[in-house]
Structures are given as structure tokens and as C-alpha cells.
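Novice: Sharing a model that was predicted from the sequence below.
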Amino acid sequence: MNPPSQLQEVHDYADQHGFSHLFNLLPNNNDYTFDDAPSHYVVRNGRQISHSKRMLLGQNSHVEIWAELLFARQKAVPSMSIYMEPGHRVIPDSEIHSYPIDAPFDVFTTAGVSKHARAELVALLKYVYLALGFHNNVFAPRDERTKRNIFAALERMEEHRQSQAMKQEPEPEIPMTEPALGSVTSSPGSSGSTNKSNTAPESSRNPITSNDSHIQSTEEQHRHSPPTDEEQAMDVDSGRNRKHSRSENDVETILTQIAEEEAADEEEWKKLEEARRTLEARKTRRDEILDDLYDNRAQEVKEYLKKQRRKH
């Protein structure tokens, strides 16, 4: 009995973990845009180094963003590369949010996403190659990590869908409060009253209550009257005292500290980017050397590898 295909393995994993329905979030097979990759991208020194089909992830009037499967001679499992045209320039993780990526893959490339988003995107793109039958082996045997990343990618897409749906829901209307039955509504300047028994004559009012009303009216006038010069001076002195008594954790200090940390982080990111470029250049150089050895000195390489195996 032949072992199940990798596509079947992914679907079996989805059935076991209850997320098969999430595959409905992906576009239909006919909605992906695949194109024949330029021949000099696919073959180098007579050896295939990338898949003949590349997948369009997004574009604008200036650039196109493509995904491709890369084949390394020393690796049985292909890797995924995301690059821009023109120039066939590989896009690093730190820059990908600046490029036009179409839905549904844009949820993995927006600024501020977790560091796991790139791994999830790569796993999902490999699944697309599987689902469309362009490649049959995109991950290593018994590789559970890629399957988990496919699941995590679909979960991220579902969370995004739900959040967008919540934003589009209309806000509930606040019902108007109606006056209670039996209440009387009158304008401040109206002369008539629908219930005269509720208004006591001036002579029968409680003198204490009347006096309190006079006091309250005086206080109300005082509150709304403009401040005197003496009161303004007291307010200025109070403001000065509050300003001088601010702690080191006031808004100005906090924002200054944040700006300083961001500037320091920017410098660290520049160092990391330079290190990444150095590592990529070294890897490219090693790959070219290996390609040359396998193409021109294959027999010597085989003999060397035999000697190494005997030592171990």
C-alpha cells in the first residue's frame, strides 16, 4: 500500500484537529495567479534551482511581488522565497509590510504582526503548491511543524475575518426616553399651567426654603462671574506649584524615553539588516561553490564524501 500523499497528510491532520472547515477561507483554485518563471530563474549551470511556476502575491504600478519554491542540491525539501520585480530582489521580513500583498495573504505581512506570521505564510504558500498539484513534496517526512503552521495560518485568517465583521456591524441605536405618564411638560416662559394646585402662593412659601434658594442663587452667580485679579493670581501660583511638583514619570519624560528607545532600536535593526545581508551573501557564495563542485568535479566530491562516511 502506497503511503498517503503530502496533500492527504495535511487534510488528515486537519480532520484530526477539527479545522478542515477553515480551508474555505482560501481562494478557489482558479483565483490564484501563477505564471511561468523566467528560464534563467529556474535553471542555473544546467541544474534546476527553482520551480517553473511562480505565484503572484500582489502588485501595484511600480512592483510585482512573487513567491517561488527554491530547490537546493543538498536539501530534499524546497524552501520558499518571496521577491519583488523588477530586479528579482528577495524581500526580508523587516520590509515585507511595505509592499503590496493582496488578500488573504496580507494578514501575514501587515506591520506589527508576530514573528511567527512569516513561517505561517510560507507554510500556507507551500500548501497552495500542493493543492494545485504543482509540487508533491514541500515538507520533510513526519514534519508536524509545517502542518501546525498551516493550521495557525488559517486561524489567523479566521480571526481577521471575525474582527472585520465586527467592525462592519452597525452600532445599536439608543432608544429615546419618553416622559412618564402623568408628567407635565412646559416651557420655561409659559404662563399657563396644567396643574395649578402644585404651585404654592408666594405668601405661603417656607421662609427658610426661600432664604436657602436666595443663598444658592448668590453662590451660582459667583461661580459664573469672571474671576478677580486676586483669584487669577492664585490660579497661576497653583499651576506653577503643580508644574514644579511633577514626578519623573510625567508625560514629557515618558515620551522622551520612548523616543530614545525607538532611536536605539532603529540602530539595532540596521545592524541586524546588515548582518542578514552578509549572511545571505555568504550563503549565495557557498551555494555557487557547491554548484560548481557538483557540476565540474563531481567525482572528487563523491570520493571525499565516501572518506568522510568511513571516518564516522
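Specialist: Sure, I can see it.

Novice: CA atoms for contacts and neighbours, from now on please.
Specialist: OK.

Novice: Domains in the protein, by residue range?
Specialist: Domain assignment for the chain by automatic domain parsing gives 6-167, 251-311.

Novice: ok, so what distance separates the closest residue to A140 other than its chain neighbours from E261?
Specialist: Nearest residue to A140, sequence neighbours excluded (Cα to Cα, 6 or more residues apart in numbering): V77, at 6.0 Å. Distance, V77 to E261, using Cα to Cα, to the nearest Å: 40 Å.

Novice: Pick out whichever of those two has more residues nearby.
Specialist: V77 (16 against 12; other Cα atoms under 10 Å).

Novice: That one is in what secondary structure piece?
Specialist: Of the helices and strands defined by DSSP states H and E, none includes V77.

Novice: just to revisit the earlier point, could you list which residues are in contact with the residue nearest to A140?
Specialist: Contact partners of V77, counting by Cα atoms under 8 Å, 6 or more residues apart in numbering, are F71, N137, V138, F139, A140.

Novice: Confirm that the third one sits in a helix.
Specialist: Looking back up the chat, that one is V138. No - V138: not assigned to a helix; according to DSSP: H, G, I helix; E, B strand; the rest coil it is coil.

Novice: Spit out the contact partners of it.
Specialist: V138 sits in contact with Q6, V77, P78, S79, K126, Y127, L130, where contact means Cα under 8 Å, 6+ apart.

Novice: Out of those, list just those in strands.
Specialist: S79 (DSSP state E).

Novice: Any of the contacts of V138 buried? List them.
Specialist: Q6, V77, P78, S79, K126, Y127, L130 (16 or more other Cα atoms under 10 Å).

Novice: ok, those residues vs Q48, which is closest?
Specialist: P78 (11.6 Å; Cα to Cα).

Novice: any idea how far that closest one is from Y99?
Specialist: According to Cα to Cα, P78 stands 24 Å off from Y99.

Novice: Distance of I91 relative to E64?
Specialist: 12 Å.

Novice: Overlap of the contact sets of these two?
Specialist: Contacts common to I91 and E64, judged by Cα under 8 Å, 6+ apart, are M84.

Novice: What count of nearby residues applies to L125?
Specialist: Per other Cα under 10 Å, the neighbour tally for L125 reads 21.

Novice: same check, this time on S39
Specialist: 11.

Novice: And it, its phi and psi?
Specialist: phi -60, psi -30 (degrees, to the nearest 10).

Novice: Longest helix in the protein, by number of residues?
Specialist: What stands out as the longest helix in the chain, according to DSSP state H, is helix 251-296.
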